[in-house]
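**Student:** here's a sequence, model it:
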Amino acid sequence: MASSLIRGKYVIARATSRIDVRVIEDGAVFQRDGTIVEIGRHQDLASKYQPDTIVGSAGHVVMPGFVNSHHHVGVTPFQLGSPDYPLELWFASRMATRNVDPYLDTLYSAFEMLECGITTVQHLHGLRIAPIARVQAVAEQVLKAYEDVGMRVSYSYALRDQSRLVYEPDEAFLKRLPPALAFELGEWLKTQTIPIADNLGLFVDLWQRWNTRDRVRIQLAPANLHWCSDEALRGLQDHAAKYGVGMHMHLLETAYQKEYAHRRSGTTAVRHIQNMGMLGPHMTLGHGVWLNEDDIQRVVDTGTMICHNASSNLRLRSGVAPLNHWMAAGVIVALGLDEAGINDDRDMLQEMRLVLRLHRVPGIDDVVPTSAQVFRMATENGARTTGFANSIGVLEPGKAADIVLMRWQDIAYPYLEHDVSVIDAMVHRAKSSAVDTVLVAGEPVLRDGQITRVNKADVLKALSDSFKVPLPPEEERRRRLARDVFPHVERFYDGWLDEAARDPFYRPSSRR
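**Tutor:** This is a model prediction of the structure:
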């Protein structure tokens, strides 16, 4: 049986309150066959066990692996030519996105995630390429990439069956366009159309073949309220209950989505999906920027979780989520990097600092996020949104040995006052360059800062080379179509928020 003793100057086991974490000085973790057996003082564990290997030193900080609870792609939309437009226009710009090899693309972002200490990712696959057999082929490549690199993945394919470009039925939007453009866009929309039964069948197939693997879980993803008919939502909820899996749903990312929900249902998006029985501990709401106070209480009362995607919200002008209010109310909040973070990469340490500081409202009341809270969002709370909820997110006996080691000197050098807490030092100062070793199930998937299972340089070269070929005619046509459609999408939303501002459902909580 493979075993190791993971040693650190400090072992951060878990957050225990809003301001505290459990820290063991000169601590260690003993794991066998990928499961933590004991955590305690190094001298005690070193005398008790005979490990096969020793990992870390008295100069490291040891902590649970981070969880990226909301992720989509590798090569970022910005890299592929989509600027940071407001979300609704950004959707239209992404029609022009180049085709990217899914295996190489997934590895590209996996490298960045592992290098900052992310061991588990909630991968929300959103590419629509009918028929379902093409989606399945891409899904297999995505899952194989995570399997090859050694990360844990909680995978979902995002179901969409309506309103694929703007917040009204496809047929209605096509009637707004000049006939030639309407015909061309209509043909493109047909390539995005996959029957609900086929979507649910894909889930069942992937769940049967992949869900039993140690580092893979298959979940469900209603893409968003505007993208899903009530029929689709009912099918997803039925399958979630039947197969005992979680769901992750984009919801209320922008004020336009808030207005759409009221126009569709006469109430809020949260109330609508609650009326359909979809709220509960199995549901994670992605973004949730525009929840009102009643919505937030419904989330708390049902045990529903929220994934906070701060960088994405800022980049796409979606708003600043009311995190302080969520936490005061008792919402379970995780962290996600979405398409990419504020620096167009996947850096959870940077995202934690952004979240820590973004919500520092004026005044002296102690209502702003703390280091311990942000750490819990990136570890234990993130774990709860995935299919690995019972096995990752904290360091304690019986949990998986998903562990990150950082060099303390990289955090504290050249000076750090002795009374600065370890958790404050880590959240405020740790950079990805400090990450030395990453273990998943006790296996080093990053050692001395280097990916261990695959050759990173070869993958990046292959990815780069794949973009050096001329654009195929299909991609050229799609780029032209995106340019032609863009102003019509922009015109569609004229006046939406003028009308919404008169609506009592419009205003978010003032307590940010």
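**Student:** mind saving the C-alpha coords of the lengthiest helix in the chain as PDB?
**Tutor:** Scanning the chain for the helix with the most residues, using DSSP state H, yields helix 473-492. The C-alpha trace of helix 473-492 is given here as PDB (Å, rounded to 0.1, in the frame of the first residue of the first chain):
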ATOM      1  CA  PRO A 473     -14.800  28.100 -44.700                       C
ATOM      2  CA  GLU A 474     -17.200  27.200 -42.000                       C
ATOM      3  CA  GLU A 475     -15.400  29.400 -39.500                       C
ATOM      4  CA  GLU A 476     -15.100  32.200 -41.900                       C
ATOM      5  CA  ARG A 477     -18.800  32.200 -42.500                       C
ATOM      6  CA  ARG A 478     -19.500  32.100 -38.800                       C
ATOM      7  CA  ARG A 479     -17.300  35.100 -38.200                       C
ATOM      8  CA  ARG A 480     -19.100  37.100 -40.900                       C
ATOM      9  CA  LEU A 481     -22.400  36.000 -39.500                       C
ATOM     10  CA  ALA A 482     -21.400  37.100 -36.000                       C
ATOM     11  CA  ARG A 483     -20.500  40.600 -37.300                       C
ATOM     12  CA  ASP A 484     -23.700  40.900 -39.200                       C
ATOM     13  CA  VAL A 485     -25.900  39.800 -36.300                       C
ATOM     14  CA  PHE A 486     -24.200  41.800 -33.500                       C
ATOM     15  CA  PRO A 487     -25.900  45.100 -34.000                       C
ATOM     16  CA  HIS A 488     -29.300  43.400 -34.100                       C
ATOM     17  CA  VAL A 489     -28.600  41.800 -30.800                       C
ATOM     18  CA  GLU A 490     -27.500  45.100 -29.400                       C
ATOM     19  CA  ARG A 491     -30.700  46.700 -30.700                       C
ATOM     20  CA  PHE A 492     -32.800  44.000 -29.100                       C
END
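**Student:** can you list contacts of it?
**Tutor:** Helix 473-492 is contacted from outside by 88-89, 91-96, 98-99, 165-166, 168, 173, 176-177, 181, 184-185, 188, 471, using C-beta atoms under 8 Å, 6 or more residues apart in numbering. Backbone N, C-alpha and C define where each C-beta goes, glycine included.
**Student:** check stretch 38-56 too.
**Tutor:** Contacts of stretch 38-56 (C-beta under 8 Å, 6+ apart): 2-8, 11, 13, 24, 26-30, 37, 58, 62, 395-397, 405, 436-437, 439, 444.
**Student:** buried residues in stretch 388-402?
**Tutor:** By neighbour count on 16 or more other C-beta atoms under 10 Å, the buried set for stretch 388-402 is 388-389, 391-395, 399-402.
**Student:** Thr254: which of those is nearest?
**Tutor:** Comparing the buried residues of stretch 388-402 against Thr254 with C-beta to C-beta picks out Ala389 as the nearest, at 28.9 Å.
**Student:** part of a strand, is that closest one?
**Tutor:** No - under DSSP: H, G, I helix; E, B strand; the rest coil, Ala389 falls outside any strand and is assigned coil.
**Student:** use 298 as the first number for this chain going forward.
**Tutor:** I'll keep to 298 as the first residue from here, and by that count the last item is Ala686.
**Student:** need the buried residues of stretch 685-699 in TSV (columns: distance to Met546).
**Tutor:** Output for the buried residues of stretch 685-699, formatted as TSV (distance: C-beta to C-beta, whole Å):
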residue	distance to Met546
Phe685	19
Ala686	17
Ser688	24
Ile689	22
Gly690	21
Val691	26
Leu692	30
Lys696	27
Ala697	26
Ala698	31
Asp699	26
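**Student:** among the residues you listed, which pair sits farthest apart?
**Tutor:** Ala686 and Ala698 (16.7 Å).
**Student:** state the distance from the nearest residue to Asp527 once chain neighbours are set aside to Ser761.
**Tutor:** Spatial nearest neighbour of Asp527, chain neighbours left out: Met573 (6.9 Å); criterion: C-beta to C-beta, 6 or more residues apart in numbering. Distance, Met573 to Ser761, using C-beta to C-beta, to the nearest Å: 45 Å.
**Student:** tell me the phi and psi of Pro449?
**Tutor:** One thing to correct before we go on: residue 449 is Arg, not Pro. phi -90, psi 140 (degrees, to the nearest 10).
**Student:** tally of neighbours for it?
**Tutor:** By other C-beta atoms under 10 Å, 27 other residues sit near Arg449.
**Student:** for it, which residues make a bridge with it?
**Tutor:** With DSSP bridges applied, Arg449 shows beta-bridge pairing to Thr417.
**Student:** domain parsing for this structure?
**Tutor:** 300-360+699-754, 363-681 (automatic domain parsing).
**Student:** which of those sits most buried?
**Tutor:** domain 363-681 (a mean of 20; mean count of other C-beta atoms under 10 Å).
**Student:** start and end of that domain, how far apart?
**Tutor:** Length of domain 363-681, first residue to last, C-alpha to C-alpha, to the nearest Å: 12 Å.
**Student:** ok, the residue sitting nearest the centre point of the chain - contacts?
**Tutor:** When the chain is reduced to its mean C-alpha position, the nearest residue by C-alpha atoms, centre = their mean turns out to be His367, at 1.2 Å. By C-beta under 8 Å, 6+ apart, the residues touching His367 are 419, 421, 545, 583, 604, 606, 631, 633-635.
**Student:** redo the residues you listed as JSON lines? Include distance to His656.
**Tutor:** Formatted as JSON lines, these follow (distance: C-beta to C-beta, whole Å):
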{"residue": "Gln419", "distance to His656": "22"}
{"residue": "Leu421", "distance to His656": "24"}
{"residue": "His545", "distance to His656": "22"}
{"residue": "Gly583", "distance to His656": "18"}
{"residue": "Cys604", "distance to His656": "15"}
{"residue": "Asn606", "distance to His656": "14"}
{"residue": "Ala631", "distance to His656": "15"}
{"residue": "Gly633", "distance to His656": "16"}
{"residue": "Leu634", "distance to His656": "17"}
{"residue": "Asp635", "distance to His656": "17"}
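**Student:** can you redo the residues you listed as a markdown table with distance to His339 and secondary structure?
**Tutor:** Formatted as a markdown table, the contacts of His367 follow (distance: C-beta to C-beta, whole Å; DSSP: H, G, I helix; E, B strand; the rest coil):
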| residue | distance to His339 | secondary structure |
| --- | --- | --- |
| Gln419 | 33 | strand |
| Leu421 | 40 | strand |
| His545 | 39 | strand |
| Gly583 | 40 | strand |
| Cys604 | 35 | strand |
| Asn606 | 38 | coil |
| Ala631 | 31 | strand |
| Gly633 | 34 | coil |
| Leu634 | 33 | coil |
| Asp635 | 38 | strand |
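**Student:** mind listing what the residue nearest to Asp527 touches?
**Tutor:** So Met573 contacts 527, 530-531, 534 (C-beta under 8 Å, 6+ apart).
**Student:** looking at those, which are in helices?
**Tutor:** Per DSSP H, the subset of the contacts of Met573 in helices is 527, 530-531, 534.
**Student:** find the nearest non-adjacent residue to Ile491, please.
**Tutor:** Ala427 (4.9 Å).
**Student:** that neighbour is in what secondary structure piece?
**Tutor:** For Ala427, there is no host helix or strand (DSSP states H and E).
**Student:** that one and Ser379, how far apart?
**Tutor:** Taking C-beta to C-beta, one finds Ala427 at 22 Å from Ser379.
**Student:** test my guess that Lys441 contacts Pro399.
**Tutor:** No - if you go by C-beta atoms under 8 Å, Lys441 and Pro399 don't touch, sitting 9.2 Å apart.
**Student:** reformat the domains of the chain as TSV; add mean pLDDT and distance to Arg775.
**Tutor:** Below are the domains of the chain laid out as TSV (pLDDT from 0 to 100; distance: least, C-beta to C-beta, whole Å):
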stretch	mean pLDDT	distance to Arg775
domain 300-360+699-754	98	31
domain 363-681	97	6
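**Student:** tabulate those (a markdown table), appending distance to Tyr790.
**Tutor:** Shown next, in a markdown table, are those (distance: least, C-beta to C-beta, whole Å):
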| stretch | distance to Tyr790 |
| --- | --- |
| domain 300-360+699-754 | 38 |
| domain 363-681 | 6 |
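**Student:** please consider this matter closed, and thank you.
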